[in-house]
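Visitor: The following block contains a protein sequence and its predicted model.
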Amino acid sequence: DKATHVLAADYGAGSGRVVRGSFDGSRLSLQEVHRFNNEPVQLGDGLYWDFLRLFHELKQGLVKGTQGISPSVRSIAVDTWGVDYGLVDGAGRLYSNPRHYREARNAQWMEEVLHMVKEEELYAMSGVLPQQINTVFQLLGSVREQAEGLRPDVRMLFMPDLFHYYLSGQLACEYTIASTSGLLHAGEARWNEHLIGRLGMPETLFPKLVQPGTVLGNLTNELCAELRTGPMQVVSVGSHDTASALAAIPAMDSDFAFISCGTWSLMGVERDTPVLDNRSRALGFTNEGTVNGKVRTLKNRSGLWLLQECKRQWERENQPFTHEELIQLATLVAPHQSYVSPGDGVYLAPGNMAERIRQQCSLSGQTVPETTGAIVRCILESLALEFRQTLDELQLITGTRPRVIHMVGGGVHNRLLCQFTANAAGVPVVAGPAEATSAGNCMLQFLAHGEVSSLAEVREVMAASFFPETYEPEDTELWQEAYEYYQSLNQIKR
Ligand code: ADP
Ligand code: LRH
């Protein structure tokens, strides 16, 4: 076996997996060794990530991923969803459990920050769209809630950095995940110390920033002994899941829009510089860092979250459906009956999603989707129309219209959504791989080890290793009409 192996732990907001990536010099192959749910815990009035359980799952993945081949696994890297963080004290203890970005309290902290720094200014400085989930707002809450202030030995670590810390003992914040915080200078790997000072946050909270592809250190001796594995290195990759996903897009040139479609849908383009003007802010675009020092200008919207939450609700009501069954039901109902706006704040919190969708359709005077199939169809058509709108807006703010959409993430398994997206957007959708995030995580580790030498080479390896499916637009006139109606609905709402 001449391949080199690495482990990628990818934590989504709904589920996580540990994947073993093997590279033979020209092709990457992935093997999922461990998968688990990521379920937040409501405790009193707080909504928390179950960090201890999530770290336990990481250990399981380490054991399973190295079984029998331990010496040939060179490294491990973690990527996660954006914005959330944990606090550790000087003795390395978890000072507080990481809180969940869906906590309602964040709205209040966002308001507080926007009292101190105007929305336009915050956007122009950081490139990050003010949304209540952002680290900058949550962190003000963490600082203000401590009556005597945070102890000076406390550090904040974004979720992947927190995992890396307990794997390796190294304290560092990786650039791409930090770029989701609103606390960096736009498009730069630099904390905005001026902003941090204005918000009254102690500078000591913020560890040094490292670039994606940095070898942080080794798996601690304690973990090697406990898990009977290792030694291996711990690497910071594009530790924001979206950064890893974008790194793995099998595109040969830069003329594409991407959609990373999982719980969230992130749609945008890769650029040299951020777009910081009022129009892009008003349209809801944000700018985040990529693994190669560029910028992703994108819109971050609810993705399959709506469907995921409906599915969970139906399970609670003893109506369990597989994804395949739900998609099948959607093909059996009448098309284009009603739409929702998936990014609407009313869908942010967990809970009975189907009911909320029905309510919104009723409020906007549309046919109320009564059946399961009608709900699913409504969600998928709405997502596709939202993607079309984002494509139009990307053209407005950047001056060019991408000729193809690359879709990656779990949404790629939803063939109906891929086809609807091509139909609505009027451009081909190249779908795959679904596990782009894990693949990007692995490839950045191979880049750190010198087995590939550039992002272009990473994408070549991706194109040689995975075979995406292309969906050509169909029924474009019908979808154009649907789009016009969808826009008029949104106009009424605004
Ligand atoms: P995240 O990392 O945000 O948790 P993923 O990229 O894993 O999300 O995507 C999860 C989503 O992918 C699910 O909500 C589901 O809608 C979709 N999905 C997963 N498997 C399938 C499948 N077999 N068929 C259709 N859709 C699927
Ligand atoms: C997607 C994602 C997205 C946002 C959200 C909180 O998983 O990383 O880019 O930051 O999570």
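Guide: Perfect, I can see it now. Ligands and ions are numbered 1, 2, ... in the order given.

Visitor: From G262, how far off is whichever residue of the stretch 1-150 of the chain sits closest to ligand 2?
Guide: Taking CB to the nearest ligand atom as the measure, the stretch 1-150 of the chain has G82 as its residue closest to ligand 2, at 2.5 Å. C-beta: built from backbone N, CA, C; applies to glycine. For G82, the distance to G262 (CB to CB, to the nearest Å) stands at 12 Å.

Visitor: what about the two, which has more around it?
Guide: The neighbour count for G82 versus G262, taken as other CB atoms under 10 Å, is higher for G82 (28 against 25).

Visitor: Might one say that the more buried one is in contact with G182?
Guide: No. Judged on CB atoms under 8 Å, G82 makes no contact with G182 at a distance of 10.6 Å.

Visitor: Could you pull out the helices in the stretch 351-494 of the chain for me?
Guide: All helices of the stretch 351-494 of the chain, identified by DSSP state H, counting those that start in this stretch, fall at 353-363, 372-398, 415-425, 436-448, 455-465, 476-493.

Visitor: Quick one, which of these gets closest to R27.
Guide: Within the helices of the stretch 351-494 of the chain, the stretch nearest R27 is helix 455-465; the backing value is 4.6 Å (CB to CB).

Visitor: With only the CA atoms kept, save the closest one in PDB.
Guide: Coordinates of each C-alpha in helix 455-465 appear next as PDB, following Å, rounded to 0.1, in the frame of the first residue of the first chain:
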ATOM      1  CA  LEU A 455      -4.900  24.700  -4.800                       C
ATOM      2  CA  ALA A 456      -5.100  24.300  -8.600                       C
ATOM      3  CA  GLU A 457      -3.500  20.900  -8.100                       C
ATOM      4  CA  VAL A 458      -5.900  20.000  -5.300                       C
ATOM      5  CA  ARG A 459      -8.800  20.700  -7.700                       C
ATOM      6  CA  GLU A 460      -7.200  18.600 -10.400                       C
ATOM      7  CA  VAL A 461      -7.000  15.700  -8.000                       C
ATOM      8  CA  MET A 462     -10.600  16.200  -7.200                       C
ATOM      9  CA  ALA A 463     -11.600  16.200 -10.900                       C
ATOM     10  CA  ALA A 464      -9.600  13.000 -11.400                       C
ATOM     11  CA  SER A 465     -11.100  11.300  -8.300                       C
END
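
Visitor: Summarise which helices and strands that helix is packed against.
Guide: Counting by 3 or more CB pairs under 8 Å, 6 or more residues apart in numbering; DSSP states H and E, the packing neighbours recorded for helix 455-465 are strand 28-37, helix 241-247, helix 436-448.

Visitor: With mean pLDDT, mean neighbour count and distance to ligand 1 added, can I get these in a markdown table?
Guide: Output for these, formatted as a markdown table (pLDDT from 0 to 100; neighbours: other CB atoms under 10 Å; distance: least, CB to the nearest ligand atom, whole Å):
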| stretch | mean pLDDT | mean neighbour count | distance to ligand 1 |
| --- | --- | --- | --- |
| strand 28-37 | 97 | 16 | 10 |
| helix 241-247 | 97 | 30 | 6 |
| helix 436-448 | 98 | 29 | 7 |
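
Visitor: related to what we said a few turns ago, between G82 and G182, what contacts are shared?
Guide: Among the neighbours of G82, none is also in contact with G182 (CB atoms under 8 Å, 6 or more residues apart in numbering).

Visitor: what secondary structure does V19 sit in?
Guide: At V19 the chain is in strand, as set by DSSP: H, G, I helix; E, B strand; the rest coil.

Visitor: what's near enough to touch L167?
Guide: Counting by CB under 8 Å, 6+ apart, L167 touches L58, I76, V78, L219, T220, L223, V234.

Visitor: wait, G284 sits on L298?
Guide: No. Between G284 and L298 there is no contact under CB under 8 Å: 9.8 Å.

Visitor: Would you mind telling me which of the two has the busier surroundings?
Guide: Set G284 next to L298 and count neighbours by other CB under 10 Å: L298 wins out with 27 against 15.

Visitor: which residues in the stretch 101-250 of the chain form helices?
Guide: Counting by DSSP H, counting those that start in this stretch, the stretch 101-250 of the chain has these helices, from start to end: 106-116, 119-126, 135-144, 159-168, 175-178, 193-198, 221-227, 241-247.

Visitor: Dump those helices to TSV, plus distance to P402.
Guide: Formatted as TSV, the helices of the stretch 101-250 of the chain follow (distance: least, CB to CB, whole Å):
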stretch	distance to P402
helix 106-116	31
helix 119-126	23
helix 135-144	29
helix 159-168	29
helix 175-178	22
helix 193-198	32
helix 221-227	44
helix 241-247	14
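
Visitor: Show me the one of these that comes nearest N352.
Guide: Among those, helix 106-116 comes nearest to N352, with 20.8 Å by CB to CB.

Visitor: who touches the closest one?
Guide: With CB under 8 Å, 6+ apart as the test, helix 106-116 has contacts from 122, 130-134, 136-138, 140-141, 144, 198-199.

Visitor: No more questions from me, cheers.
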